[in-house]
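Participant: sequence below, structure please.
(chains A and B)
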Amino acid sequence: MDNAIIQLNNITKKFDGEIVLDDINLSVKKNEFVTLLGPSGCGKTTTLRIIGGFETPDEGEVYFDGNLINDVPPFKRQLNTVFQKYALFPHMNVFENIAFGLRINKMDEKLITNKVEKMLELFNLKNYGKRRIDQLSGGQQQRIAIARALVNEPKVLLLDEPLGALDLKLRKEMQHELKAMQKQIGITFIYVTHDQEEALTMSDTIVVMNDGIIQQMGTPIDIYNEPENAFVADFIGESNILNGVMHDDYLVEFLGKKFDCVDIGFGRGEEVDVVIRPEDLDLTPKGEGKLEGVVKSVTFKGVHYEMDIMVNDYEFLVHSTDMAPVGETVGLTLTPDDIHIMEKGD
Amino acid sequence: MKDRTKYFAYPYVLWIIIFIVFPSFLVLLYSMTTKESNGLTTIQFTLENFKKFFNPLYINILWDSIYLAAISTVICLLLGYPAAYIISKAHLSKRNTLLFLCILPMWMNMLLRTYAWMTILGNNGIINNLLSFLGLPTFNMLYTRGATVMGMVYNFLPFMILPVYTALSKMDIGILEAADDLGANKYVKFRKIILPLSMPGVISGIIMVFMPAVSTFIIPQLLGGNKNMMIGNLIEKLFILNGDWNFGSSISIIMMIIILIAMSIMNKFDVDKEGGARLW
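Facilitator: Numbering: from 1, shown residues only, chains lettered A, B, ... in the order given. Modelled structure (predicted):
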C-alpha cells in the first residue's frame, strides 16, 4: 500500500446501464510491469481509460501516488498513454510529434531537441525526425507513439494493446524491447492485452479479467501453474476441463476413475472442475496408462505434436513430443501434481 | 479482358464537351473578337475588349466585388466555424436536427430568400417598423453595401458550415485524447490540433463561399441597389441591356483568371490536398 503508485478502490462503471466494471480493486507498485489480460469486452481497456482519466468511474476511488485523482482531467495527470491505434498527429512530423508534450510544458528549445534526439536514437529512428507520419511503417509509428509518451518521463505509462497491429515477428521483437526499456528507465507500465503469451512474457504481475471482474492476480508463473478457476485455466494456455467429484481430501473422481491429487478443503461429494494442461498428459502403450483412449487427430506443431484423444466421451487435448497414429488406442498417465481442482463456476 | 466500365463515362464526357468546353470556348472567342464579327467570313480578332476593362470605372467595380466577397467570406468563417464546432460537439440526436436547420433555408428559392431580406431591411420594413413602434429613430438599411454583404452571408453561410463540420466530425477522437494525455488544455488542443486538422474544411468553405459571392448579381441587384454594382451586375448589364457580348465575355474571362489565381494560392495552404482547392 505504501509504495503503490496507482490504487483503484471499488471501481464500478456502467455503460447504458450495463455493468462493465464490477467493484475492481487493484494496486500497482512503483516500477512494476502490470498486465491487464482478458478477452475483448472484459473491461481491461475501460480500467486503463479510468486510470488515464478518459472515463470517470460511477463509483470508487482512483489514487495516484496517494492522492485522489477522480476529478483530475487527463491533461493534468502525470501519466502518459500509448494508444491502440497510435493516435499520432498527422499534421506534424516525427520530431514535432515527440516534442508535443515537452513544448506544452514550455521546455527550453535546446533541451527539447536534446531529448527528442535521444528518443529517436533509443528507438532506432535517427534521421527520421523530418519524416511525415504517413511515410512510416506500422512498426515505426508504434515506436514513435511510445517515444512520444516516454519523452515526458511520466511516472506511469499506460499501454493499450500497443502491439496489436504488428506482425508476429515484429511483435516478439517489440515485446523484448519494451520489457528491456521498462527495466532500464525504471517506470511503471500498465499494459492491456488479450494475448496471453504476451502477458506471460513481459509482466511482473498479470491481472486476469473477465465480465468486469478481476479473476486472478499474480505472477505469470502463479497464474499459469495455479489458476484459481476454470476461466483463468482456459484463458491462460490451453486446458482440458472435466467434471469431477471430490471424494475426500487428496482424492478426486472423474471419467469413472479415482485419482490422487494435491488439493484439500473441498466438501465430500462436492462437484468440481478438474483442469489438466495438455502438456501434462503423457502417452503410454495401450494397457499401461490409467486412462485409455483412441487418437482422433494429430497435428505437427514444430516442437510438439498436438493430438485429440477420445477417452470415454471426453476429447482430451494432448501436447507431446511422442506421437501415436490416428485410430490407435493409447494409454494416458498423469501425476497428482498435474491435476488442478477448482470450484465449479456458475 | 478489357475493362469496359470506362464506356459509362462517355455520356458525361459528351455532356462536358457540349455544355462546358464548347461554351467556354465561345466565351473566349467572343472576348477576342469585334462586335462586327457576324460569321466565319467577317471574323475580326482584337484585344480591344480587354483593354477597355482597364478603365478605373470597371477596375473599381472589380475591386469592390472582391472586397465585398472577401468580407462576406470572412464573416461566414467567423460565424460558420463556431457553428460547425458546436454542431460537431453536440449529442448525436441533436446533431442531425442542427444540421437540418442549417440546410433548410437552402431548400427555398434564393430569389425568395433575398426578397425576404428586402421586406426586413426596407424603409417600411420589419426592423424600421419595430424601431418606430419603440419610438426610436429609423434609418435606411436597404440598398447599401452592408445589405449586400448581409445577403451574401445569409445565402452562403451553409456552404461554410458544412465542409467545416465534415472536417471536424471526422477527426479521430484518439488524436484528441492523445493531446489531452500529453498535457494540452482545451485552448492548446484547439490551437495546435483541432484548428490545423480542420483546415481542409475551412479552405473548402472559403472557396465555396468566395466563388459564388464574387460573381453573384442577384443579391447586389436586390439588396445593393444601382449604386452598389458588383462585377456580376456589370456582366449582366453588358449582355442584357447593352447587348455587348464581346466586352461581357472578356470580363468573364478576366474573372475566371482571377479565380484561378486565387485557387492556386489557396492550394499552397492546403497541405493535405483534401480541400476543394486540389481541383485546381
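Participant: the domain parsing of chain A - what is it?
Facilitator: Per automatic domain parsing, the structural domains of chain A span A:4-230, A:238-343.
Participant: which of those sits most buried?
Facilitator: By mean neighbour count, with neighbours taken as mean count of other CB atoms under 10 Å in any protein chain shown, domain A:4-230 ranks first of the domains of chain A at a mean of 18. (Glycine included, C-beta is placed from N, CA and C.)
Participant: starting at the chain centroid, how far to stretch B:215-226?
Facilitator: 14 Å (CA atoms, centre = their mean, to the nearest Å).
Participant: so whichever residue of the stretch 151-300 of chain A sits closest to chain B: helix, strand or coil?
Facilitator: Ranked by CB to the nearest CB, the top residue of the stretch 151-300 of chain A for proximity to chain B is A:N152, at 6.8 Å. Assigned state for A:N152: coil (three-state reduction, DSSP: H, G, I helix; E, B strand; the rest coil).
Participant: residues in chain B within reach of chain A, list them.
Facilitator: Contact residues (CB under 8 Å from any CB of the partner chain) of chain B with chain A: B:172, B:174-175, B:177-185, B:188, B:192-193, B:196-197, B:271-272.
Participant: and those residues, which of them are buried?
Facilitator: B:174-175, B:177-184, B:188, B:192-193, B:196-197 (16 or more other CB atoms under 10 Å in any protein chain shown).
Participant: which of those residues fall in strands?
Facilitator: Assignment to strands by DSSP state E places none of those there.
Participant: out of those residues, which are inside helices?
Facilitator: Judged by DSSP state H, those include B:G174, B:I175, B:E177, B:A178, B:A179, B:D180, B:D181, B:V188, B:P196, B:L197 as members of helices.
Participant: from B:G122, how far out is the closest residue to A:S40 other than its chain neighbours?
Facilitator: Closest residue to A:S40 in three dimensions, ignoring its sequence neighbours and counting by CB to CB, 6 or more residues apart in numbering or on different chains: A:H194, at 6.1 Å. From A:H194 across to B:G122, the span is 69 Å (CB to CB, to the nearest Å).
Participant: ok, which stretches of the stretch 151-280 of chain B are helices?
Facilitator: With DSSP state H, counting those that start in this stretch as the criterion, the stretch 151-280 of chain B has helices at B:173-181, B:186-189, B:195-215, B:218-219, B:231-240, B:245-269.
Participant: in TSV, list those helices along with mean pLDDT.
Facilitator: As requested, the helices of the stretch 151-280 of chain B are exported to TSV (pLDDT from 0 to 100):
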stretch	mean pLDDT
helix B:173-181	94
helix B:186-189	94
helix B:195-215	92
helix B:218-219	90
helix B:231-240	91
helix B:245-269	87
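Participant: save these as a markdown table, and put in distance to B:I71 too.
Facilitator: Compiled in a markdown table, the helices of the stretch 151-280 of chain B are given as follows (distance: least, CB to CB, whole Å):
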| stretch | distance to B:I71 |
| --- | --- |
| helix B:173-181 | 33 |
| helix B:186-189 | 28 |
| helix B:195-215 | 9 |
| helix B:218-219 | 13 |
| helix B:231-240 | 15 |
| helix B:245-269 | 15 |
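Participant: for A:E153, what are its contacts?
Facilitator: When contacts are counted by CB atoms under 8 Å, 6 or more residues apart in numbering or on different chains, A:E153 is found next to A:I187.
Participant: switch the cut-off to 10 Å
Facilitator: Listed by CB atoms under 10 Å, 6 or more residues apart in numbering or on different chains, the contact partners of A:E153 are A:Q78, A:N80, A:G101, A:L102, A:K115, A:I185, A:I187.
Participant: what are the ranges of the helices in chain A?
Facilitator: If DSSP H is used as the criterion, the helices of chain A fall at A:44-52, A:94-104, A:109-122, A:138-150, A:168-185, A:196-202, A:220-225, A:230-235.
Participant: next, format the ones you listed as CSV and append distance to B:S65 and mean pLDDT.
Facilitator: Output for the helices of chain A, formatted as CSV (distance: least, CB to CB, whole Å; pLDDT from 0 to 100):
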stretch, distance to B:S65, mean pLDDT
helix A:44-52, 53, 95
helix A:94-104, 40, 95
helix A:109-122, 46, 93
helix A:138-150, 47, 91
helix A:168-185, 58, 87
helix A:196-202, 64, 91
helix A:220-225, 74, 91
helix A:230-235, 70, 89
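Participant: any chance of those helices in CSV, with distance to chain B too?
Facilitator: Below are the helices of chain A laid out as CSV (distance: least, CB to the nearest CB, whole Å):
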stretch, distance to chain B
helix A:44-52, 7
helix A:94-104, 4
helix A:109-122, 13
helix A:138-150, 7
helix A:168-185, 18
helix A:196-202, 21
helix A:220-225, 28
helix A:230-235, 27
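Participant: what about the ones you listed, which gets the closest to A:V245?
Facilitator: Evaluated over the helices of chain A, closeness to A:V245 peaks at helix A:230-235, with 15.5 Å, by CB to CB.
Participant: contacts for the closest one, please.
Facilitator: Helix A:230-235 is contacted by residues A:37-39, A:42, A:194, A:196, A:199, A:206, A:208-211, A:213, A:215-216, A:218, A:223-224, A:226-227, A:229, A:239-241, A:272-277, A:340, A:342-345 when judged by CB under 10 Å, 6+ apart.
Participant: 6 Å instead, please
Facilitator: Contacts to helix A:230-235, defined as CB atoms under 6 Å, 6 or more residues apart in numbering or on different chains, come from residues A:V208, A:N210, A:Q215, A:Q216, A:P227, A:S239, A:I241, A:D273, A:V275, A:M342, A:G345.
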